[in-house]
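Visitor: mind looking at a prediction? Sequence and model below.
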Amino acid sequence: MGLSIGIVGLPNVGKSTLFNALTKNKAEASNYPFCTIDPNVGVVEVPDKRLQKLASVIPTKKIVPAIVEFIDIAGIVKGAAEGEGLGNKFLANIRQCDAIAEVVRVFTDTNITHVAGEINPVSDMEIIKMELILADLETIGKRATKLVKDVKSDPKLKETLDLVQRIQWEMEGEKAARELDLTGKELEKIRDLNLLTLKPHIYILNVDEGDVGKTQGHTLQNAKARNVLVPPLGHPERLPAKDESRDPLKNFQFPIANFQSNLNEKIFKDKDSGQARMTSSQSDSEFVLISAKIESELNELSEDEKKEYLAELGQTETGLNQLIRKGYELLGLQTYFTAGEKEIKAWTIHTGDRAPQAAGVIHTDFEKGFIKAETVSWQDLVEYKGWTGAKAAGRVRLEGKDYVVKDGDVMVFKFNV
């Protein structure tokens with residue numbers, strides 16, 4: 001299994017620039033709306049230093065890392081759910097992704113236009129959230145209508161109808177599906193709806209170069225600079241006069257550690273109570289600070305130069321690494337390895353998967369005919385210089401069908417076709 005992340009956002013927030021930097025592709029990145037018409041797809045290797053360490057003790061012909069598929073989807077605008085901009089085409093593309101990464105413009109550059117004529121991260125996020133909710137409501141409405149008819153001939157569907165109508169009612173209160181209090185059984189009942197707002201959601205804050213590497217306690221300078229008026233799309237000559245009384249970020253409490261909580265308070269506020277409805281889906285893991293411009297520059301550097309540049313920024317990893325790591329965390333994914341003379345390969349599975357399920361990622365026959373698995377941690381395999389040494393040290397064990405695979409396990413499956 002692989003991980004697919006759809007990169008979305010309003011036009012001109014840096015989506016395609018970021019996509020190019022992440023995938024080293026050359027998707028069109030222009031200063032006008034909908035420069036990305038059909039989704040650009042890029043496959044990226046998941047950085048994992050453990051692969052090279054395993055290769056240092058196990059001679060092999062090739063190393064195969066896990067992969068992440070990034071999909072750059074056309075910029076959404078207000079009214080997309082009703083067909084504005086690229087409308088339904090955008091929404092159809094995003095439904096195929098495992099997770100959504102929303103690029104939010106925080107950087108200030110008056111040479112790059114903005115659909116609303118000003119940089120307002122909170123408003124931009126609200127627009128995307130509402131368009132996804134409206135699209136889901138259309139999907140839910142169709143299902144509810146069908147169930148009303150079907151329940152007449154099959155009363156057992158009444159429970160599902162009640163659930164769908166409850167979800168519809170709650171989402172009409174401007175709640176994303178992932179914010180609702182749904183049980184595992186209820187989630188299973190609506191899984192085939194493939195709701196957009198039920199997908200894990202990562203916010204990529206595309207910041208100015210100077211804001212990369214900011215840590216807790218560091219106050220962002222010139223916060224009001226993010227209320228920069230820029231020419232509306234299509235009217236570069238109509239730069240409105242700045243109204244000093246308007247400051248969409250005036251309620252933001254910097255430093256950066258408070259950025260996420262304040263965005264949540266504005267965007268995820270419970271409509272009835274007026275209180276911020278904080279859920280696990282709005283945890284710190286949903287926010288990544290990236291400068292698309294810096295990520296582009298990093299692509300032009302050697303590995304040593306990258307490390308030096310990142311150190312200057314106070315970073316230990318690139319934005320790509322951060323984004324992939326957050327994606328794995330949100331989707332509950334982990335990695336195990338197979339290691340032999342032909343190849344050393346990383347495999348992506350869900351946290352909590354048992355040995356047969358892990359085997360099934362390689363081939364369904366492995367899962368069906370699973371017998372047992374020789375298992376060792378990657379650290380032990382490296383420490384004891386390969387399989388022979390690890391077995392001699394008693395570190396390799398036989399695991400059965402109930403074994404829950406751990407991140408970093410190296411496995412050899414025994415199966416009967």
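Guide: Great, that's in hand. Numbers count the residues shown, from 1 in each chain.

Visitor: can you read off the pLDDT for residue 201?
Guide: Note on residue 201: pLDDT of 89.

Visitor: thought it was touching residue 102?
Guide: Yes - if you go by Cβ atoms under 8 Å, residue 201 and residue 102 touch, sitting 6.6 Å apart. To be clear about C-beta, it is placed using only N, CA and C from the backbone, and glycine gets the same treatment.

Visitor: all helices for the stretch 151-300 of the chain, in order.
Guide: 158-171, 184-189, 259-267, 292-298 (DSSP state H, counting those that start in this stretch).

Visitor: how about the stretch 301-417 of the chain?
Guide: Going by DSSP H, counting those that start in this stretch, the stretch 301-417 of the chain shows helices at 303-312, 319-331, 355-362, 364-368, 378-383, 387-392.

Visitor: want to throw the ones you listed into CSV with mean pLDDT, mean neighbour count and distance to residue 59?
Guide: Output for the helices of the stretch 301-417 of the chain, formatted as CSV (pLDDT from 0 to 100; neighbours: other Cβ atoms under 10 Å; distance: least, Cβ to Cβ, whole Å):
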stretch, mean pLDDT, mean neighbour count, distance to residue 59
helix 303-312, 88, 12, 24
helix 319-331, 85, 20, 28
helix 355-362, 96, 21, 21
helix 364-368, 93, 15, 24
helix 378-383, 97, 18, 13
helix 387-392, 97, 15, 11
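
Visitor: for these, which one sits closest to residue 66?
Guide: helix 319-331 (9.2 Å; Cβ to Cβ).

Visitor: relative to helix 303-312, how tilted is the closest one?
Guide: 70 degrees (axes from the mean of the first three to the mean of the last three Cα atoms, to 10 degrees).

Visitor: so what touches helix 319-331?
Guide: 3, 5, 18, 21-22, 44, 46-47, 68, 98-99, 101, 200-202, 204, 285-286, 288, 290-291, 294-295, 317, 333-334, 350 (Cβ atoms under 8 Å, 6 or more residues apart in numbering).

Visitor: ChimeraX command to pick out the buried ones of those?
Guide: A single ChimeraX command selects the buried members of these (16 or more other Cβ atoms under 10 Å):
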select :3,5,18,21,22,44,46,68,98,99,101,200,201,202,204,285,286,288,290,291,294,295,333,334
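
Visitor: just checking, which of the contacts of helix 319-331 belong to strands?
Guide: 3, 5, 44, 68, 99, 101, 201-202, 204, 288, 290, 333-334, 350 (DSSP state E).

Visitor: can I get those residues in CSV including distance to residue 406?
Guide: Shown next, in CSV, are those (distance: Cβ to Cβ, whole Å):
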residue, distance to residue 406
3, 19
5, 25
44, 25
68, 21
99, 23
101, 27
201, 27
202, 25
204, 30
288, 26
290, 30
333, 13
334, 8
350, 13
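
Visitor: quick check, nearest of these to residue 93?
Guide: The closest of the ones in strands among the contacts of helix 319-331, once distances to residue 93 are taken by Cβ to Cβ, is residue 5, at 12.3 Å.

Visitor: ok, now how distant is residue 394 from residue 388?
Guide: 13 Å (Cβ to Cβ, to the nearest Å).

Visitor: with residue 145 instead?
Guide: 64 Å.

Visitor: who wins for proximity to residue 177 among the helices of the stretch 301-417 of the chain?
Guide: Taking the helices of the stretch 301-417 of the chain one by one with Cβ to Cβ, helix 319-331 is closest: 14.8 Å.

Visitor: which strand residues bridge residue 288?
Guide: residue 204 (DSSP bridges).

Visitor: that one is in contact with residue 201, isn't it?
Guide: No - proximity of residue 288 to residue 201 does not meet the contact threshold set by Cβ under 8 Å, at 11.6 Å.

Visitor: three-state assignment of residue 128?
Guide: Three-state call for residue 128 (DSSP: H, G, I helix; E, B strand; the rest coil): helix.

Visitor: quick check, it in contact with residue 10.
Guide: Yes - taking contacts as Cβ under 8 Å, residue 128 lies within contact range of residue 10: 7.1 Å.

Visitor: what helix or strand does residue 57 sit in?
Guide: Per DSSP states H and E: residue 57 is located in neither a helix nor a strand.

Visitor: tally of neighbours for it?
Guide: 16 (other Cβ atoms under 10 Å).

Visitor: contacts only, for it.
Guide: Counted by Cβ under 8 Å, 6+ apart, residue 57 has contacts 381, 382, 385, 386.

Visitor: mind putting the residues you listed in CSV, distance to residue 182 included?
Guide: Below are these laid out as CSV (distance: Cβ to Cβ, whole Å):
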residue, distance to residue 182
381, 41
382, 42
385, 49
386, 47
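
Visitor: pLDDT score assigned to the residue nearest to residue 193 when sequence neighbours are not counted?
Guide: Spatial nearest neighbour of residue 193, chain neighbours left out: residue 139 (5.7 Å); criterion: Cβ to Cβ, 6 or more residues apart in numbering. We have a pLDDT of 92 for residue 139.

Visitor: how far away is residue 139 from residue 392?
Guide: When residue 139 is compared with residue 392 (using Cβ to Cβ), they lie 58 Å apart.

Visitor: over to residue 400?
Guide: 23 Å.

Visitor: repeat that for residue 192.
Guide: 51 Å.

Visitor: now do residue 338
Guide: 21 Å.

Visitor: over to residue 59?
Guide: Counting by Cβ to Cβ - residue 59 and residue 392 are separated by 18 Å.

Visitor: circling back to that earlier point, make JSON lines from the helices of the stretch 301-417 of the chain and add distance to residue 54 to it.
Guide: Shown next, in JSON lines, are these (distance: least, Cβ to Cβ, whole Å):
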{"stretch": "helix 303-312", "distance to residue 54": "19"}
{"stretch": "helix 319-331", "distance to residue 54": "19"}
{"stretch": "helix 355-362", "distance to residue 54": "17"}
{"stretch": "helix 364-368", "distance to residue 54": "20"}
{"stretch": "helix 378-383", "distance to residue 54": "6"}
{"stretch": "helix 387-392", "distance to residue 54": "11"}
